[in-house]
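*Asks:* build me a model from this:
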Amino acid sequence: MQRDDAFLNAWRNATAPLQDEAAAGLAPERPVRRFRTLWISDLHLGTPGCQAEALLDFLRHTECETLYLVGDIVDGWQLRRTWYWPQAHNDVVQKLLRKARKGTRVIFIPGNHDEFARRYLHLNFGGITVAEDWVHETADGRKLWVIHGDLFDGVIQCAKWLAHVGDSLYEFTLRLNRHLNTLRARMGLPYWSLSQYLKRRVKRAVSYVDDFENAVAREAKKRGLQGVVCGHIHHAELRDIGGTLYANDGDWVESLTALAEQADGTLEILQWSDFLPAARHKAARKSARKQLQHA
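*Replies:* As a prediction, this is how the structure comes out:
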């Protein structure tokens, strides 16, 4: 609890101007991609699995009118077990605050890993609004329900202790994944997600994903909305389910994905690993190795 409060106080009070990025050599060296709206979730700041360098690259090379932070931005579960907060994670928070100060509308919808923030609904931290959920209207008039999605997870709702056990096993998988990708990088091979591979191969996991997607889409339809945008399950997707648009923006520990809305209302999944230059991708792997050594 004390760590949760300490972080939220730091977030709320972090209003000091950032260093000038151009002067520091951090100005975008590639064109900035501009969107009407962006959704990101499951950053899991506060864990070695968070790919903060890739996330910073995304934040520096994109601009939007509205940015939704769709839950599990900070991993309170991990921080309660072991405090882990390197400079790159602080840089992400500062970059989000800077976007809010420069005019981007930033809306934070807490998830299960940062559920402590649900005590602060309807408050504003450095220009970032905290909300339980949101209804977003696209440029072409569709209304989308924006939620994290954990309320539709039976494990979270009925057996939270099991969710914590699964979280520990998941963190082990991510550690193994980092070792494998360190070897792949040395061999000149591209990034590969072990956990995503296991999810695709395990029938029960596939069934869980399908059940989750269908339940969320049904609830959005009941509310009279044309679609839903969520996170939680670390599986980026954009498809129609029974006449309802289902959009999941993925995560930033495995897939490096975001959901984007173009000026005309068109939605697309951004696979940011496709935009990372080889040199920056190598730097991200190096940073991940350093984090692993100190984890």
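*Asks:* from here on, just use CA atoms for contacts and neighbour counts.
*Replies:* Noted.
*Asks:* following whichever strand or helix holds Arg80, which helix or strand comes up?
*Replies:* The secondary structure element spanning Arg80 is helix 76-81 (assigned by DSSP states H and E). Note on helix 76-81: by DSSP H and E, the next helix or strand toward the C-terminus is helix 87-101.
*Asks:* can you list the buried residues in that next one?
*Replies:* The neighbour-count check on helix 87-101 (16 or more other CA atoms under 10 Å) flags 88-90, 92-101 as buried.
*Asks:* does anything pack onto it? Which helices or strands?
*Replies:* Contacts defined by 3 or more CA pairs under 8 Å, 6 or more residues apart in numbering; DSSP states H and E place helix 87-101 against helix 52-60, strand 105-108.
*Asks:* and Tyr246, that one's in a helix?
*Replies:* No. Remark: Tyr246 does not belong to a helix; assigned using DSSP: H, G, I helix; E, B strand; the rest coil, it is strand.
*Asks:* so what does the helix holding Arg80 touch, helix or strand wise?
*Replies:* Judged by 3+ CA pairs under 8 Å, 6+ apart, helix 76-81 is in contact with helix 2-13.
*Asks:* residues in contact with the one helix or strand Leu270 maps to?
*Replies:* Leu270 is located in strand 267-271, with elements delineated by DSSP H and E. Residues outside strand 267-271 that contact it (CA atoms under 8 Å, 6 or more residues apart in numbering): 236-238, 249, 255-261.
*Asks:* my guess is Arg101 meets Gly127, correct?
*Replies:* Yes. In this structure, Arg101 sits in contact with Gly127. The criterion is CA atoms under 8 Å, and the distance is 6.4 Å.
*Asks:* so how far is Phe108 from Asn214?
*Replies:* Plainly put, Asn214 is 24 Å away from Phe108 if you go by CA to CA, to the nearest Å.
*Asks:* what pairs with the strand holding Leu270, parallel or antiparallel?
*Replies:* The pairing partners recorded for strand 267-271 under DSSP bridges are strand 257-261 (antiparallel).
*Asks:* average model confidence for the strand it pairs with?
*Replies:* When pLDDT is averaged over strand 257-261, the result is 98.
*Asks:* give me the angle between it and helix 52-60.
*Replies:* Interaxial angle of strand 257-261 relative to helix 52-60 (axes from the mean of the first three to the mean of the last three CA atoms, to 10 degrees): 10 degrees.
*Asks:* so, low pLDDT: which residues of the stretch 51-200 of the chain?
*Replies:* Screening the stretch 51-200 of the chain residue by residue with the criterion pLDDT under 70, one finds the ranges 153-182, 184-185, 189-200.
*Asks:* show me where the stretch 51-200 of the chain has its strands.
*Replies:* In chain order, the stretch 51-200 of the chain shows strands spanning 62-69, 105-108, 124-125, 128-130, 134-137, 143-146, with DSSP state E, counting those that start in this stretch as the criterion.
*Asks:* return the first one as CSV; C-alpha atoms alone will do.
*Replies:* In CSV, the C-alpha atoms belonging to strand 62-69 read as follows (Å, rounded to 0.1, in the frame of the first residue of the first chain):
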residue,chain,number,x,y,z
THR,A,62,3.8,9.2,-32.6
GLU,A,63,1.5,12.1,-32.0
CYS,A,64,-2.3,12.0,-31.4
GLU,A,65,-5.2,14.1,-30.2
THR,A,66,-6.2,11.5,-27.6
LEU,A,67,-4.1,8.8,-25.9
TYR,A,68,-5.8,6.0,-23.9
LEU,A,69,-3.8,4.1,-21.3
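*Asks:* hmm, who's touching it?
*Replies:* Counting by CA under 8 Å, 6+ apart, strand 62-69 makes contact with 32-41, 103-110, all of which sit outside it.
*Asks:* give the PyMOL command for selecting the buried subset of these.
*Replies:* In PyMOL, a selection of the buried entries from these looks like this (16+ other CA under 10 Å):
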select buried, resi 34+35+36+37+38+39+40+41+104+105+106+107+108+109+110
